[in-house]
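Student: Test case, fold it:
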Amino acid sequence: MCSSTTACRNGYTVNEMIETVVKISEKFPLLNIESGKTQKTFYSLGLNSNAKKYNTFSIIAGIFVLILIYAITGALLISVIFGLGMMIFLYYLPNIEKTKAENEMEAELPLFLRDLGALINMGIPFVSSVSMLSVRKGTFNKEMSRVMKEVSKGASLISALAYLGSRIDNTNVKRAIAQIISAYEQGGNGNELKRMGNDLLNAQRHKLKEYAAKSSIFSIFFIMTAVIAPTFYLIISIISPILFAAETNMLQVTLVMMVIFPSVSYLILAVGRMSMPSIAFKTKDALPKGLLFSIPLAFVFLLPIAIEYKLIILAMIFVASFLLFIKKYLEEIKVSKVESNLPNALLLISSLPKGTHFNKVIERLAFSDLEGIREEFRKAYNQLKANLSPETVIKDIVERNKSPMLSKVMETMEYIYKAGGNVNERISEMTEDLLLFHDIKREQGSIMAIQKYSTMLGIILIPIVLSMAIQITGKMSGVMEKQLDLTFIIQGIIPAYLIINSGIISDFCSSLDVDKSKEMIYFSVLSLISTGLFLISLTIAII
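Tutor: As a prediction, this is how the structure comes out:
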């Protein structure tokens, strides 16, 4: 029996957030709340926790946030929105994690099935083939690793796989597990597994096209919540002292513009991103660097200091961010070059005869003319000359590059030469695999380009529309002969709002690029364009 705060030995690898939340929920009392769906999700995640306690915690947390926000702002509607938002987020958090894990498994299945079939065709025993693949990184590989642990404890492979399938709702994953069980029972070659891997790969392409057909709706909703709604809210907030003789609550306006509208916008784009089909070798979602970086930048604009000092602080933060992220960006560019030349590297060594020593393969690549490949394998070649073991060299190559593609290639090469398999045949199959996934990446890039640029269009519309709103309210105050102080809104709230939205859009657009190496570039460009457009629009209006 696993503990209540961690995944069971057969559960998904849940992230730290949900583990922490579940641990906290165990400290709360139990209310008799319907929790069947949540309990089923916990079972899928391998969490041996009481779902009724978790749902009780969700309600109490929502009420706490409602009271806290009301105590700060005195605005009941805003407090209710925050409280309900927290409650809904916590309630759906386990299901979000479960769906994410199953989508990742489905994306990894084509590669797993093709590799499993190839290893079986090389004459490697079925259980040994599964064991070899289970040590790789990936959600499905980790699940198979747990399956192999159960087998090592005495369970049969069929029963361990059947238990895994019983916890999963994804139809394609269930079908794949059933196919693995069938292949194990019937014996024979691995061609049927490879065929199913190809079918799932074609299904991924079809899902990408389906997603592209309906994805524009998310951009439309984003523009409504990021452009139209904030504009009307600002106009009403600014002119309320004129029309209703009511004092404008700047704390409330700041909270709505800095938290509520951005939260809704981020939620819309997050749903759009979650709806996007996963593909193999996709970079795992990392921390949204642009969004996290936008928060201190936005805070600078809200400081009660002159605009000149704000710009100086912003420039200093931008320089610091450049120094902080440039190394990571250059590493991602290097990995991208290595991955783009991997198919050519495999073709280069495909002519080597069966049984060629591992050192000769590394030497062939070390003295090639392939950019990225040459430099990495020259280091590996020098390590082999220093009498390091092939296993150590392979591990070092993988750790230096953090590339799922390169990791797969190096591990497979090790299997081939250890097993004495047909080098030409397997290298050709690996080359075909990589070319297929490169094609899918290119398809995803072209399919998502429209959605990406239509979303970026929003960051151009926001400053123009908001500057027009400021101009309209200024003219209204002139007609009614009432002076409004818009300094804090013009120099504080709106630039900060534009910075926050730049972070949201950069996170979303970089996720559409398969890898997130351009996130900080997107953020820098979008934030500068949006704030610049806003200030230029106001300047032109004044002139």
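Student: all contacts plus neighbour counts: C-alpha atoms, from now on.
Tutor: Will do.
Student: Now do the biggest helix by length in the chain: which elements does it pack against?
Tutor: If you go by DSSP state H, the chain has its longest helix at helix 423-479. Other elements packing on helix 423-479 under the criterion 3 or more C-alpha pairs under 8 Å, 6 or more residues apart in numbering; DSSP states H and E are helix 191-214, helix 216-223, helix 229-243, helix 307-349, helix 404-419, helix 494-511, helix 519-542.
Student: Could you single out the most deeply buried of those?
Tutor: Each of these was scored by mean neighbour count; the highest is helix 494-511, a mean of 26, by mean count of other C-alpha atoms under 10 Å.
Student: Need the distance between the two termini of stretch 218-238.
Tutor: Between the start and the finish of stretch 218-238 there is a gap of 29 Å, counting by C-alpha to C-alpha, to the nearest Å.
Student: ok now that stretch, how far from the chain's centre?
Tutor: 26 Å (C-alpha atoms, centre = their mean, to the nearest Å).
Student: For that stretch, give the mean pLDDT please.
Tutor: If you average the pLDDT over stretch 218-238, you get 81.
Student: can you tell me which of the helices and strands packed on helix 423-479 the model trusts least?
Tutor: Of all the helices and strands packed on helix 423-479, mean pLDDT reaches its minimum on helix 404-419 (a mean of 71).
Student: Show me which residues of the helix or strand harbouring Asn141 are buried.
Tutor: Per DSSP states H and E, Asn141 falls inside helix 139-152. Residues 139-151 are the ones in helix 139-152 that count as buried (16 or more other C-alpha atoms under 10 Å).
Student: As TSV, those residues with distance to Ser58 and pLDDT would be great.
Tutor: Listed next are the buried residues of helix 139-152 as TSV, based on distance: C-alpha to C-alpha, whole Å; pLDDT from 0 to 100:
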residue	distance to Ser58	pLDDT
Thr139	27	81
Phe140	30	85
Asn141	32	83
Lys142	30	83
Glu143	29	84
Met144	33	86
Ser145	33	86
Arg146	31	85
Val147	33	87
Met148	36	88
Lys149	35	88
Glu150	34	86
Val151	38	87
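Student: which one of those is nearest Glu376?
Tutor: Asn141 (26.2 Å; C-alpha to C-alpha).
Student: returning to what we had before: tell me which of the buried residues of helix 139-152 is nearest to Tyr497?
Tutor: The closest of the buried residues of helix 139-152 to Tyr497 turns out to be Thr139 (C-alpha to C-alpha; 36.8 Å).
Student: which residue packs closest to the closest one, ignoring adjacent ones?
Tutor: Nearest non-adjacent residue to Thr139, counting by C-alpha to C-alpha, 6 or more residues apart in numbering: Met105, 5.7 Å away.
Student: before we move on, what about Pro288?
Tutor: Closest residue in space to Pro288, ignoring its immediate chain neighbours: Asp507 at 5.7 Å, by C-alpha to C-alpha, 6+ apart.
Student: from what I can see that neighbour touches Leu291, true?
Tutor: Yes - with contact defined as C-alpha atoms under 8 Å, Asp507 counts as touching Leu291 (6.6 Å).
Student: what packs against the helix or strand following the helix holding Asn141?
Tutor: Using DSSP H and E, the helix or strand that follows helix 139-152 in sequence is helix 157-166. Under the contact criterion of 3+ C-alpha pairs under 8 Å, 6+ apart, the helices and strands touching helix 157-166 comprise helix 139-152, helix 171-186.
Student: Give the other helices and strands that the last one contacts.
Tutor: The contact analysis (3+ C-alpha pairs under 8 Å, 6+ apart) places helix 171-186 against helix 76-121, helix 157-166, helix 191-214.
Student: Of the ones you listed, which stretch is the most buried?
Tutor: Stretch with highest mean neighbour count among the helices and strands packed on helix 171-186: helix 76-121 (a mean of 21; mean count of other C-alpha under 10 Å).
Student: so for it, what's the average pLDDT?
Tutor: Helix 76-121 carries an average pLDDT of 83.
Student: nearest residue to Val80 other than its sequence neighbours?
Tutor: Leaving aside its chain neighbours, Val80 sits nearest to Leu66 (5.6 Å; criterion: C-alpha to C-alpha, 6+ apart).
Student: ah, wrong one, I meant Ile307
Tutor: With sequence-adjacent residues excluded and distances taken as C-alpha to C-alpha, 6+ apart, Ile307 is closest to Gln491, at 6.9 Å.
Student: Next one, pLDDT for the one you found please.
Tutor: As predicted, Gln491 sits at a pLDDT of 75.
Student: my guess is it contacts Leu303, does it?
Tutor: No - with contacts counted by C-alpha under 8 Å, Gln491 stays clear of Leu303, the gap being 9.8 Å.
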